[in-house]
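# Sharing a model prediction with you, sequence too.
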Amino acid sequence: MSNAANGARAASPIVTAIPARLDRLPWSRFHLLVVVALGVTWILDGLEVTIVGALGGILQDPRTLHLSGEQIGGVASFYVTGAVIGALFFGWLTDRLGRKRMFFVTLAIYLLGVLLSAFSWDFLSFALFRCVTGFGIGGEYAAINSAIDELIPARLRGRIDLVVNGSYWLGAALGSGATIILLNPRWFPIDLGWRLGFGLGAALGLLILLLRRFVPESPRWLVSHGQDKEAERAVEEIERRVERETGRALTATTASLTLVPRQSFGLGAISRAMLGKYRSRSVLALILMAAQAFLYNAMFFTYGLVLTRFYRTPAPDVGFYLLPLAVGNFLGPLLLGPFFDTIGRRAMIAGTYLVAGLLLIASAWLFAQGMLSADTQVAAWSAIFFFASAAASSAYLTASEIFPLEVRAFAIAIFYSLGTAAGGIAAPWLFGRLIDSGSRWRLFDGYALAAILMAAAAATELCCGIDAERKSLEEIAEPLSQGRA
C-alpha cells in the first residue's frame, strides 16, 4: 500500500538544527508570553470548575436548579465526558493542522460552553452545556501542552510544565474568592450569583484570544510537515526577539537531525509507535493519568458536598475553605517543580504520587473516625494536594514528552482521554452516591480506592519511568520521520 493510501505524503530529506536552536535559548519575555498566552487557559478552567465545585449546596436549593447530590456528580461526569471526546478529536487535528490553528478554535468552544452554562435552566441543559465546555478544554489540553513543550528550552521544560498545569489553582483561588461574593445572598439573589460566575470566566477568556495572536506556530511541527522555510523564518524571528530582550548574542549550535517530512501519519503509524516501540511508555502514561484523574475528579467536584453534608458548612461559606486548597495545589508544582529537572523525573514523580496516597489514606481514616473538623479536614486536604498537584501535573508532562513529535498532541489526547475515562468519568458520580449515603465509612472506601490508585501509579513510575530531565524532545523520543529516506 502506498504512502498516499496511508494518508502520509513523504518529501525530500531535510537536515535541520531547529530543535537544538530552540533548546539553547535563554529564558526571555518571549517564553513568558508563551506561558501566559497558552497556560492561562488553566487559570480560566480552575476559575469556573471551582465555581461549579462550590455550587453543590446552592444548586440543590429549589430556587435554583434543585439538583440532587447524584445529579451534581452526574454534571461533573458530563463535563469530563466532553473533555475526553474533545481531547481525542482536537488532538488528532492538532497533529495534522498545527498547534496554533487549534488553540484558537478550542478556546472559542470552551468559552461558548462557559457562557451557555450561565443560562442553564435544569439538569439536562446544565449537563449539556458543561459537556460543551469540557469538549473545548479537552482540545486545549492537547494543543496547548504540545505547543508549550516544543517552544520551551529542554533544561526548563519540567518546571515550566508543572507550573503551567499548576496555574489551574490560581484560577481556583480566584474562583473561591469570587464565590464568597457571588454566592452570598446579601450581595446577589441566590439564582443570579452563580450565573454571573460563568459570565466572568467567559469575559476574561475573550482577552486571551487576542493575546494568542502573538504566539507563533511550533517550528518543530512546521519542519516535520515539510514547511522548512516557514520553520526557519519562525525560529529566526524567535532568536531575534530573544537577543533583543536579553541583550546578548546567542551561541551557535551544530547539532542537527535529518527528517523526511510527511503531511500526516495514519493510525497505523501511530498505533505501531504507541503499542510497539513505546508500549511500556503507553502503560505508564495511562496509569499516571488515570490515578490522578480519579483522585481529582472525585474530590474536587464533591468537596463542597462533603463540607455541607458532614460538617454543616453553610453553602455560601464553601469558597472560604477552597482558598487554602488552591494555595496548596499551586505551591506544590511551583516549589517542587525545579526538582523534576534536577533530581529527575522518576524519583520526583513516584515520590509525589506515593506521598499523596499515604496522606490521603491517613486523613480518610481520621475523617471516618469523626476526628476532624471542617478546618482540620481542609488542612489535611491542603497537605495532600501539595504533593498530588505536582503528581498530576507530572502526568501531563510525561504524556507530552515521551512520544514522537509527529503524534505528540494525539498522544496527549489519547492518554488524557483514556486516563480520564478510566479514572474520572465515574468518580464524581460514585462519590456523589457515597456522600448521599450519609456514611463516613462508605466515603472512606472511596478515598481508600483513590489512595491505592496513587500508590500503584508510583510503583509503575519506578518500574517504567523515563529519565527525561534536561533532554531534547527528539532525544527522548526519536521523531517518526527521523532518518527515513
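Now that the structure is in, tell me what you want to look at.

# When you work out contacts or count neighbours from here on, use the C-alpha atoms and nothing else.
Fine.

# end to end, how far does stretch 203-223 reach?
By CA to CA, to the nearest Å, the extent of stretch 203-223 from end to end equals 36 Å.

# neighbouring contacts of that stretch?
Outside stretch 203-223, the residues that touch it by CA atoms under 8 Å, 6 or more residues apart in numbering are 16, 18-19, 33-34, 37-38, 40-41, 44, 95, 98-100, 104, 107-108, 111, 147, 150-151, 228-232, 234-235, 261, 405-406.

# Counting neighbours, which of those residues end up buried?
16, 18-19, 34, 37-38, 40-41, 44, 95, 98-100, 104, 107-108, 111, 147, 150-151, 228, 231-232, 234-235, 261, 405-406 (16 or more other CA atoms under 10 Å).

# Ignoring the adjacent residues along the chain, who's closest to residue 290?
Nearest non-adjacent residue to residue 290, counting by CA to CA, 6 or more residues apart in numbering: residue 419, 3.8 Å away.

# C-terminal to the strand or helix carrying the one you found, what's the next element?
Per DSSP states H and E, residue 419 falls inside helix 408-423. As assigned by DSSP H and E, the chain's next helix or strand after helix 408-423 is helix 426-436.

# buried residues in stretch 235-242?
Under 16+ other CA under 10 Å, the buried positions of stretch 235-242 are 235, 238, 239, 242.

# Can you tell me which of these comes closest to residue 399?
residue 235 (25.1 Å; CA to CA).

# what about dumping the CA coordinates of the strand or helix carrying that closest one to CSV?
Applying DSSP H and E as the criterion places residue 235 in helix 228-246. Taking Å, rounded to 0.1, in the frame of the first residue of the first chain, the C-alpha atoms of helix 228-246 are listed here in CSV:
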residue,chain,number,x,y,z
ASP,A,228,11.1,24.1,6.4
LYS,A,229,11.2,27.6,5.1
GLU,A,230,8.4,28.7,7.3
ALA,A,231,10.0,26.9,10.3
GLU,A,232,13.3,28.7,9.6
ARG,A,233,11.6,32.1,9.4
ALA,A,234,9.8,31.4,12.7
VAL,A,235,13.0,30.4,14.5
GLU,A,236,14.9,33.4,13.2
GLU,A,237,12.2,35.7,14.4
ILE,A,238,12.2,34.0,17.8
GLU,A,239,16.0,34.3,18.0
ARG,A,240,15.9,38.0,17.1
ARG,A,241,13.3,38.6,19.8
VAL,A,242,15.3,36.7,22.4
GLU,A,243,18.5,38.5,21.6
ARG,A,244,16.7,41.9,21.7
GLU,A,245,15.0,41.0,25.0
THR,A,246,18.1,39.6,26.7
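
# So which elements touch that helix?
When contacts are defined as 3 or more CA pairs under 8 Å, 6 or more residues apart in numbering; DSSP states H and E, helix 228-246 sits against helix 18-23, helix 29-54, helix 219-224.

# who's in contact with it?
For helix 228-246, using CA under 8 Å, 6+ apart, the contacting residues are 14, 18, 21-22, 25-26, 28-30, 216-220, 222-223, 249-250.

# Which of the helices and strands packed on helix 228-246 sits closest to residue 291?
When the helices and strands packed on helix 228-246 are compared by CA to CA, helix 29-54 sits nearest residue 291, at 19.5 Å.

# Tell me which other helices or strands that closest one touches.
helix 123-151, helix 157-166, helix 168-182, helix 193-211, helix 228-246, helix 303-310.

# and it, average pLDDT?
The average pLDDT for helix 29-54 rounds to 79.

# ok and that helix relative to helix 228-246, angle-wise?
90 degrees (axes from the mean of the first three to the mean of the last three CA atoms, to 10 degrees).

# Give me the distance from stretch 271-289 to the chain's centre.
19 Å (CA atoms, centre = their mean, to the nearest Å).

# buried set for it?
273-274, 278, 280-289.

# now do the same end-to-end measure for it.
First-to-last residue span, stretch 271-289, CA to CA: 19 Å.

# for the stretch 151-300 of the chain, which spans come out with low pLDDT?
Residues of the stretch 151-300 of the chain that meet the criterion pLDDT under 70 lie in 179, 182-185, 189-191, 193-194, 259-270.

# again, only this time at 80
172-186, 188-207, 209, 224-228, 253-277, 297-300 (pLDDT under 80).

# repeat for the stretch 351-485 of the chain
Using pLDDT under 80, the flagged stretches of the stretch 351-485 of the chain are 405-407, 416-417, 419-430, 432, 436-437, 479-485.

# Run the angle between the helix holding residue 235 and helix 123-151 for me.
Going by the same axes, to 10 degrees, helix 228-246 makes 80 degrees with helix 123-151.

# and helix 228-246, how far out from the chain's middle?
On CA atoms, centre = their mean, the centre of helix 228-246 falls 28 Å from that of its chain.

# Would you mind measuring from the closest residue to residue 155 other than its chain neighbours to residue 153?
With CA to CA, 6+ apart as the criterion, residue 155 has its nearest non-adjacent residue at 4.2 Å, and that residue is residue 470. Residue 470 sits 9 Å away from residue 153, going by CA to CA.

# With residue 382 instead?
From residue 382 to residue 153 the distance is 31 Å (CA to CA).

# neighbour count winner among those two?
Neighbour tally, residue 382 and residue 153, criterion other CA atoms under 10 Å: the higher count belongs to residue 153, 25 against 21.

# are any of the contacts of helix 228-246 buried, and which?
If we count by 16+ other CA under 10 Å, the contacts of helix 228-246 have these buried: 14, 18, 21-22, 25-26, 30, 216-220, 222-223.

# Out of those, name the two that are farthest from one another.
14 and 30 (26.9 Å).

# hmm, back to that, centre of the chain to the helix holding residue 419, how far?
On CA atoms, centre = their mean, the centre of helix 408-423 falls 11 Å from the chain's centre.

# Stretch 208-223 too?
19 Å.

# cool, and stretch 22-33?
22 Å.

# Touching that stretch from outside, list them.
151-155, 215, 235, 238-239, 241-242, 245-246, 250-251, 472.

# Could you do stretch 358-375 as well?
307, 311, 313, 321, 377, 380-381, 383-384, 440-441, 443-444, 447-448, 451, 455.

# Narrow the residues you listed to just the buried residues.
307, 313, 321, 377, 380-381, 383-384, 440-441, 443-444, 447-448, 451, 455.

# Restricted to helices, list the residues you listed.
Mapping these onto helices (DSSP state H) picks out 307, 321, 377, 380-381, 383-384, 440-441, 443-444, 447-448, 451, 455.
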